[in-house]
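> Sequence isn't available, so here's the structure alone:
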């Protein structure tokens with residue numbers, strides 16, 4: 001019996017000694033917060049490097065990051081870490097998402113349950129203070145509200161403006177980015193404030209709230225813009241002013257939390273106004289553009305956009321169907337004209353692969369033009385535009401977007417009818433951050449004539465009527481020859 005007792009003691013001692021050769025450790029120099037000085041308006045991530053400073057490989061474990069603001073828990077997530085060999089390390093990333101202006105405490109714990117015996121348990125825990133400074137609601141991922149604002153506006157405007165308002169370029173990359181930011185927000189939504197008022201960069205604010213489904217994913221959003229003034233170019237006193245209501249409803253591909261599709265969106269219903277022009281239970285969403293402090297145009301929107309996502313390439317939707325119903329009215333104060341577009345089951349088919357967006361568009365847009373004497377030839381006309389396999393491709397990098405447009409568009413009104421073929425002669429190049437292309441050529445051929453649209457290096461756009469090499473018109477900005485509503 002004594003021998004058995006001694007053997008048991010020796011066995012237990014040996015287990016303790018050998019297990020104690022593991023030493024998982026983390027220090028302040030192993031933590032990287034990006035951006036290093038975040039503002040309310042930035043997407044925050046925390047990278048943690050875990051070391052095994054012992055002489056024996058560790059077992060698989062976890063590391064936990066908890067973020068608190070005072071006594072309120074903002075973020076709490078556990079990441080799995082594999083076995084780490086002696087003297088080696090492992091990096092893990094926490095995508096925290098948007099934080100409001102405040103001072104936060106970050107608590108990082110390696111092996112928080114002390115499941116692994118170590119030679120030093122005191123170096124498993126680390127506390128860091130993070131200060132998030134103020135920032136407005138701009139086109140970046142900011143507070144909970146700014147995130148939704150950015151993602152929703154990009155989803156609306158990239159899909160809608162690019163295809164319904166002519167030969168605009170550079171929309172594909174914004175679609176991708178808006179949806180990716182929305183997915184990042186979905187993952188962090190349970191830790192954020194579901195009701196928030198977001199100040200706009202020049203003045204005014206947006207009231208935003210959302211609800212969570214039974215799986216703690218956001219599913220219904222509402223945004224009310226209250227004289228929200230946002231700078232386009234502060235030096236030239238150019239800005240936009242938004243008012244009215246926007247909303248969004250999300251449906252998810254899977255309710256199985258272990259399924260990679262758990263956070264993937266299968267359908268989005270986006271509304272400007274109440275989405276039904278005949279009822280008007282909510283004010284229309286309006287956006288006015290000011291240049292040099294003068295109002296140049298106002299866009300009023302009351303429509304519903306239903307987006308079905310049938311497939312993904314990683315986190316990027318790769319197969320989409322888009323339907324638009326409702327109206328959008330553009331008041332051009334420079335040309336003294338009003339254009340009203342009415343959409344009935346306006347449909348897009350969209351295919352996305354990596355950073356390459358390839359969209360084939362079909363559908364019908366109908367509307368009425370009314371204006372004063374500055375445009376007498378186009379006043380008081382009804383028109384119909386039919387898109388016949390109009391193909392749009394956009395390859396976007398951090399430097400520029402490369403765009404091509406090819407296909408046919410049929411136009412019908414009381415004064416003119418015909419089918420136009422669109423051909424990209426030179427790829428349209430739009431530098432990152434620019435509203436206008438700086439190179440590229442598109443040829444448009446009608447029943448009796450043709451013209452070439454030329455994008456110039458200084459942002460101007462030239463028209464060569466007859467495609468004979470002679471410039472007949474030059475517009476100062478691309479928006480002036482296509483549409484003034486793009487910044488909204």
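All right, it came through fine. Note that this is a predicted model, so its numbers are computed, not measured. Numbers count the residues shown, from 1 in each chain.

> Can you report how many residues neighbour residue 387?
Residue 387 sits with 20 neighbouring residues when counted by other Cβ atoms under 10 Å. Any C-beta I mention is one placed from the backbone N, CA and C, and that applies to glycine too.

> what separates it from residue 363, distance-wise?
Counting by Cβ to Cβ, to the nearest Å, the gap from residue 387 to residue 363 is 5 Å.

> Also residue 194?
Using Cβ to Cβ, residue 194 is found at 36 Å from residue 363.

> Residue 385 now?
Computed with Cβ to Cβ, the distance linking residue 385 and residue 363 is 9 Å.

> and what of residue 208?
31 Å.

> Pick out whichever of those two has more residues nearby.
More crowded of residue 208 and residue 363, by other Cβ under 10 Å: residue 208, with 26 against 21.

> In the helix or strand hosting that one, which of the residues would be classed as buried?
For residue 208, the element it lies in under DSSP states H and E is strand 203-212. Within strand 203-212, the residues that qualify as buried by neighbour count (16 or more other Cβ atoms under 10 Å) are 204, 205, 206, 207, 208, 209, 210.

> Quickly list the domain ranges of this protein.
Split into domains by automatic domain parsing, the chain comes to 17-132, 144-421.

> Highest mean neighbour count out of the ones you listed?
Comparing the domains of the chain by mean neighbour count (mean count of other Cβ atoms under 10 Å), domain 144-421 ranks first with a mean of 18.

> Rounded mean pLDDT for it, please.
Taken as a whole, domain 144-421 carries a mean pLDDT of 74.

> do the same with stretch 111-125
Averaged across stretch 111-125, the pLDDT comes to 86.

> Okay, now it: how far is its last residue from its first?
End-to-end distance for stretch 111-125, by Cα to Cα, to the nearest Å: 9 Å.

> So which residues make contact with that stretch?
The contact list for stretch 111-125 (Cβ atoms under 8 Å, 6 or more residues apart in numbering) reads 16, 19-27, 53-54, 58-59, 61-64, 78, 107-110.

> The stretch 51-200 of the chain: helices as residue ranges?
Assigned by DSSP state H, counting those that start in this stretch, the helices in the stretch 51-200 of the chain fall at 144-164, 172-188.

> quick one: residue 225 and residue 242 touch, right?
Yes. Taking contacts as Cβ atoms under 8 Å, residue 225 lies within contact range of residue 242: 4.2 Å.

> Common neighbours of these two, please.
Taking Cβ under 8 Å, 6+ apart as the contact rule, residue 225 and residue 242 both touch 206, 285.

> nearest to residue 442, of the domains of the chain?
Of all the domains of the chain, domain 144-421 sits nearest to residue 442, with 6.2 Å by Cβ to Cβ.

> from the chain's centre, how far out does the closest one sit?
Relative to its chain's centre, domain 144-421 lies at 11 Å (Cα atoms, centre = their mean, to the nearest Å).

> Then stretch 443-460?
Counting by Cα atoms, centre = their mean, stretch 443-460 is centred 31 Å from the centre of its parent chain.
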